[in-house]
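**Student:** Pasting the sequence and the predicted coordinates here, then a few questions.
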Amino acid sequence: MYEANETSRAGRSHKAVIAGGGLAGLACAKRLIDAGFEVELIEAEAQLGGRCANWIDSRVGEDIESGVHTFFGVYNRLIRLLNEVGVDDNKMVWWDDKVGILQPGARLNIFAIDPIRDLPNVIGGLLGNNRLLGPLDKLSVGFTFLNGLLRREQYESRTVYELTRDGGLNRETYERLIRPLCRGLAFAEPEELSAYVLLTLLSHGITNPLNLRTGTFRGGMTDVMTGRIGRWLESKGAVIQLNTALKSFRYEVPAGGVAGKITGFELEDGRVLTGDVFVSALPLEVFKEKIPEAVRTLPYFQNITELETVPATSVQLWFDKHFVSRKEFIFLSDSPLVVFQDESRLNFPHEGSRISGQITDRKTDNYSDEQYIELARRELAHYIPASANAALQKAVVVRHQAILIKPGAHPRRPVQTSPVVNFYLAGDYTKQDWFTTMEGATRSGEKAASAVLRRMGFNVDEDDDMRDVAAATGPTGGRRNIASAVRERRERSAWLRTDVPRSPLADQASRTLNRLTERFIRPNRDDL
């Protein structure tokens, strides 16, 4: 994987201090431990995981989690990390490979996404479900994304709205499919999100068909994933301190104006942690507040301060009876309650329904907890009328922030090597092409570790440098990614153009195709 050269072997053991115990910090720590570093990691919360955590909430006396999380089989680097610390992903999650899109009145459309293991239902889902999108609308979506994927780099400076406008998607398709897709994957509205983000995430699935799967965690994420990574690190000598908050970075500028360095992490309790290299794996909104004043005006850090975040809010509701029998993640078409799952028979047992949902709508950004809970109940009753007969027993709102990658923001995202000679960054806001996903956080941490190792004189295998799959361009890029997926599997064994309505002939053709496909192609659809 990597080895020390003569220079680094001659010195004493290197020590790295990492602030932040989410997936980015844990992935960085794992790679540095493998290279023989001493590692000390601090986490402000009482558990590891960051936005991938669970904990007991004293307000309700229940084990809750930081939000709705789907585990994707294309998370190659995260799965490799988990396998290396002794976590079997097949035992960590239930693989389901289906996604539901719910329309008002409990009209559920089920789409299978695994073409290798479930091709008949993949085809059936695409040809059926015509109450959601008609055949012509599906073709329009397909051509829109195909055109976008072929010109992905050009869409970095354009929004998803502009992408769909170029493809001629109508308003219903836009609201039923595109808006919930952007909200669910990136916590953003399509009018503000760079189309490059959505196109790149889609490309990861297309170029990794052998791993195109979805899974649900078999319990809380700290319990089954991040906590287990932490225990492995401690077994290898890492020091992990929970409930330990960072106050500031101590920065020293030598005489003569030469570039300075970090001399320590000052903690809220007054202690100072010292080491050879320092890594910030803090969330973007936290890190921006702690950037040392002496370097804040450097272009590298100035770009970071200009990056924006948006609310990533989840609600968790406990009801006295069940009203959902499906275990898939359910997207709601045209609803601020973007996605939900009943976890009562999966992650956290409960005698009634336990609904975990994500709310994304700029109009709700300043809502109180009570308003979020009322909104979630109202949307559930609209989409699942049976939920109105269930009594709400308790509720919790969990708030985070997520990076918003607007057009033009992607180039401003920082690489993991900072201008400060012994200071590195990890986190899903840093440069990598998996964005606000668990895979993105993992890759950012491993990239930060690679940067540390190079600067400290280690030889890092280029093929193991965590280069993004999406960065491979040209006609062979997809084939290389598929080959990589095969190898890893073996090793593991006219939007808004309402002023120009569609012609009557096109509408008639769409209705006729709808009737034919509903008659001869049974929709992959089931009741809640």
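**Tutor:** Looks like it arrived, so ask away.
**Student:** The lowest-mean-pLDDT helix or strand in the chain: what's the following helix or strand?
**Tutor:** Least confident helix or strand, the chain: helix 6-10 with a mean of 38, by mean pLDDT, DSSP states H and E. As assigned by DSSP states H and E, the chain's next helix or strand after helix 6-10 is strand 15-19.
**Student:** distance between the ends of stretch 280-299?
**Tutor:** One end of stretch 280-299 to the other measures 18 Å (CA to CA, to the nearest Å).
**Student:** Name the residues of that stretch that are buried.
**Tutor:** 280-284, 286-288, 291-292, 295 (16 or more other CB atoms under 10 Å). No exception for glycine: its C-beta is placed from N, CA and C like everyone else's.
**Student:** Same question for stretch 166-178.
**Tutor:** The neighbour-count check on stretch 166-178 (16+ other CB under 10 Å) flags 166-167, 169-170, 173-178 as buried.
**Student:** ok, which pair from the buried residues of stretch 280-299 is furthest apart?
**Tutor:** P283 and V295 (19.2 Å; CB to CB).
**Student:** export stretch 230-242 as PDB, just CAs?
**Tutor:** C-alpha atoms of stretch 230-242 as PDB (Å, rounded to 0.1, in the frame of the first residue of the first chain):
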ATOM      1  CA  GLY A 230     -13.100   3.200  16.700                       C
ATOM      2  CA  ARG A 231     -12.600   0.000  18.800                       C
ATOM      3  CA  TRP A 232     -10.300  -1.400  16.100                       C
ATOM      4  CA  LEU A 233      -8.300   1.800  16.100                       C
ATOM      5  CA  GLU A 234      -7.900   1.600  19.900                       C
ATOM      6  CA  SER A 235      -6.800  -2.000  19.600                       C
ATOM      7  CA  LYS A 236      -4.000  -0.800  17.400                       C
ATOM      8  CA  GLY A 237      -2.900   1.800  19.900                       C
ATOM      9  CA  ALA A 238      -4.900   4.900  18.900                       C
ATOM     10  CA  VAL A 239      -6.000   7.200  21.700                       C
ATOM     11  CA  ILE A 240      -9.600   8.300  21.300                       C
ATOM     12  CA  GLN A 241     -11.200  11.000  23.600                       C
ATOM     13  CA  LEU A 242     -14.900  11.500  23.500                       C
END
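**Student:** what residues does it touch?
**Tutor:** By CB atoms under 8 Å, 6 or more residues apart in numbering, the surrounding residues in contact with stretch 230-242 are 21, 26, 29-30, 33, 38-43, 45-48, 85-86.
**Student:** That stretch: how far from the chain's middle?
**Tutor:** The chain centre lies 25 Å from the centre of stretch 230-242; the measure is CA atoms, centre = their mean, to the nearest Å.
**Student:** For it, list every residue counted as buried.
**Tutor:** 230, 232-233, 238, 240.
**Student:** One more: stretch 339-358?
**Tutor:** Applying 16+ other CB under 10 Å to stretch 339-358 flags 339-344, 346-348, 350, 352-358 as buried.
**Student:** end to end, how far does that stretch reach?
**Tutor:** 6 Å.
**Student:** Now do that stretch, average pLDDT.
**Tutor:** Averaging pLDDT along stretch 339-358 yields 92.
**Student:** do stretch 400-419 as well
**Tutor:** The model assigns stretch 400-419 a mean pLDDT of 95.
**Student:** what distance separates that stretch from the middle of the whole chain?
**Tutor:** 14 Å.
**Student:** Also stretch 145-161?
**Tutor:** 20 Å.
**Student:** what are the phi and psi angles of the residue nearest to D369 when sequence neighbours are not counted?
**Tutor:** Counting by CB to CB, 6 or more residues apart in numbering, the nearest residue to D369 once its immediate chain neighbours are dropped is V397, at 4.2 Å. As for V397, its main-chain torsions (degrees, to the nearest 10) stand at phi -110, psi 130.
**Student:** ok, now how distant is V397 from L404?
**Tutor:** 20 Å (CB to CB, to the nearest Å).
**Student:** out of the two, which sits in the more crowded spot?
**Tutor:** L404 (22 against 18; other CB atoms under 10 Å).
**Student:** In three-state terms, label the residue nearest to F71 when sequence neighbours are not counted for me.
**Tutor:** Using CB to CB, 6+ apart and skipping residues adjacent in sequence, the residue nearest F71 is G215, 4.1 Å away. Under DSSP: H, G, I helix; E, B strand; the rest coil, the three-state class of G215 is strand.
**Student:** Out of the buried residues of stretch 230-242, which two are the most distant from each other?
**Tutor:** Greatest spatial distance among those (CB to CB): W232 and I240, at 10.8 Å.
**Student:** one step back: inside strands: which ones of the buried residues of stretch 339-358?
**Tutor:** 339-342, 354-358 (DSSP state E).
**Student:** Which residues are in contact with L404?
**Tutor:** By CB under 8 Å, 6+ apart, the neighbours of L404 are 186-188, 192-193, 307-310.
**Student:** Which ones among these lie within helices?
**Tutor:** Among the contacts of L404, the ones falling in helices (DSSP state H) are A186.
**Student:** Can you tell me which of the contacts of L404 has the most neighbours?
**Tutor:** Busiest of those [other CB under 10 Å] is A188, holding 28 neighbours.
**Student:** Give me the distance between the closest residue to S333 other than its chain neighbours and N109.
**Tutor:** Nearest in space to S333, with sequence neighbours left out and distances taken as CB to CB, 6+ apart, is R176 at 4.1 Å. According to CB to CB, R176 stands 10 Å off from N109.
**Student:** returning to that earlier point: just list whatever residues bridge to the residue nearest to F71.
**Tutor:** Judged by DSSP bridges, the bridge partners of G215 are F71, W95.
**Student:** pLDDT value on it, please?
**Tutor:** At G215, the pLDDT recorded in the model is 91.
**Student:** How about D507?
**Tutor:** So, for D507, pLDDT stands at 50.
**Student:** check contacts around the residue nearest to V253 when sequence neighbours are not counted.
**Tutor:** For V253, ignoring the flanking residues on the chain, the nearest one in space by CB to CB, 6+ apart is G260 at 3.9 Å. Shown in contact with G260 (CB under 8 Å, 6+ apart): 251-254, 294-295, 420.
**Student:** intersection of neighbour lists for R176 and N109?
**Tutor:** 101, 103, 132.
**Student:** Just the pLDDT at the spatially closest residue to the second one that is not a sequence neighbour, thanks.
**Tutor:** What it means is Q103. Spatial nearest neighbour of Q103, chain neighbours left out: S333 (5.3 Å); criterion: CB to CB, 6+ apart. pLDDT, S333: 93.
**Student:** same deal with N83?
**Tutor:** 97.
**Student:** ok, it touching D89?
**Tutor:** Yes: assessed by CB atoms under 8 Å, N83 is found in contact with D89 at 7.0 Å.
**Student:** Out of those two, name the residue with the larger neighbour count.
**Tutor:** Per other CB under 10 Å, whichever of N83 and D89 has more neighbours is D89, with 19 against 15.
**Student:** which residues touch the more buried one?
**Tutor:** By CB under 8 Å, 6+ apart, the neighbours of D89 are 71, 79, 82-83, 215.
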